[in-house]
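Participant: Prediction below, plus the sequence it came from.
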Amino acid sequence: MFAGVVLGSPPVGRAFVLALQGELGAGKTTFAQGFAKGLGVRERVVSPTFIISRRSVIPKRSRFKFFFHIDCYRLQSPGKISGIGWNDIMSDPENIVLIEWPERVKKLLPKGTKTIRFSHAGRDKRKISL
């Protein structure tokens with residue numbers, strides 16, 4: 001249900017991109033796992049911190065074909081993201097892309113990227129802002 005609210009009207013002619021901002025441990029990866037599960041992704045979603053990007057298949061019940069989870073935390077410069085096929089991923093309207101640490105590739109994010117901000121709100125609580 002939440003995924004449907006966040007998605008709203010998906011963009012035409014390119015991937016749907018959702019930027020996840022927040023400090024370490026704020027819940028970005030946990031959110032990505034729940035989001036993927038809501039899309040019907042069957043495999044275990046783990047952080048792509050060391051490999052930068054992971055792709056998962058979305059079941060046929062969705063208009064989207066692939067879920068990409070990208071983590072830019074370890075990028076030395078925005079230009080390094082091209083090695084994962086950034087332009088192809090972003091230009092495919094069958095992709096949903098969640099990006100952790102999007103501020104590291106801010107200039108490369110497509111127009112209309114939606115942002116969710118995560119922050120600590122106590123020991124076991126988080127604040128999420130759309």
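Facilitator: Cool, got the structure. Numbering: from 1, shown residues only.

Participant: Now do whichever helix in the chain runs longest, average pLDDT.
Facilitator: The helix spanning the most residues in the chain, taking DSSP state H as the definition, is helix 28-39. Taken as a whole, helix 28-39 has a mean pLDDT of 93.

Participant: The next helix or strand after that helix packs against which elements?
Facilitator: For helix 28-39, the succeeding helix or strand toward the C-terminus, using DSSP states H and E, is strand 53-57. Secondary-structure packing of strand 53-57 (3 or more C-beta pairs under 8 Å, 6 or more residues apart in numbering; DSSP states H and E): strand 66-71. Quick note: C-beta positions are derived from backbone N, CA and C, even for glycine.

Participant: 10 Å instead?
Facilitator: helix 28-39, strand 66-71, helix 86-91, strand 95-100 (3 or more C-beta pairs under 10 Å, 6 or more residues apart in numbering; DSSP states H and E).

Participant: in the chain, which ranges drop under the pLDDT threshold?
Facilitator: Applying pLDDT under 70 to the chain flags the ranges 1-10.

Participant: Okay, and the closest residue to residue 113 other than its chain neighbours sits in which element?
Facilitator: Taking C-beta to C-beta, 6 or more residues apart in numbering, and ignoring the residues beside it in sequence, residue 113 has residue 17 as its nearest neighbour in space, at 4.4 Å. Residue 17 belongs to strand 16-21 when assigned by DSSP H and E.

Participant: Just the C-alpha atoms of that strand, please, in CSV.
Facilitator: Written as CSV, here are the backbone C-alpha positions of strand 16-21 (Å, rounded to 0.1, in the frame of the first residue of the first chain):
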residue,chain,number,x,y,z
PHE,A,16,10.8,5.8,-11.2
VAL,A,17,13.5,7.1,-8.8
LEU,A,18,13.2,7.4,-5.1
ALA,A,19,16.0,9.0,-3.1
LEU,A,20,16.5,7.8,0.5
GLN,A,21,18.3,10.4,2.6
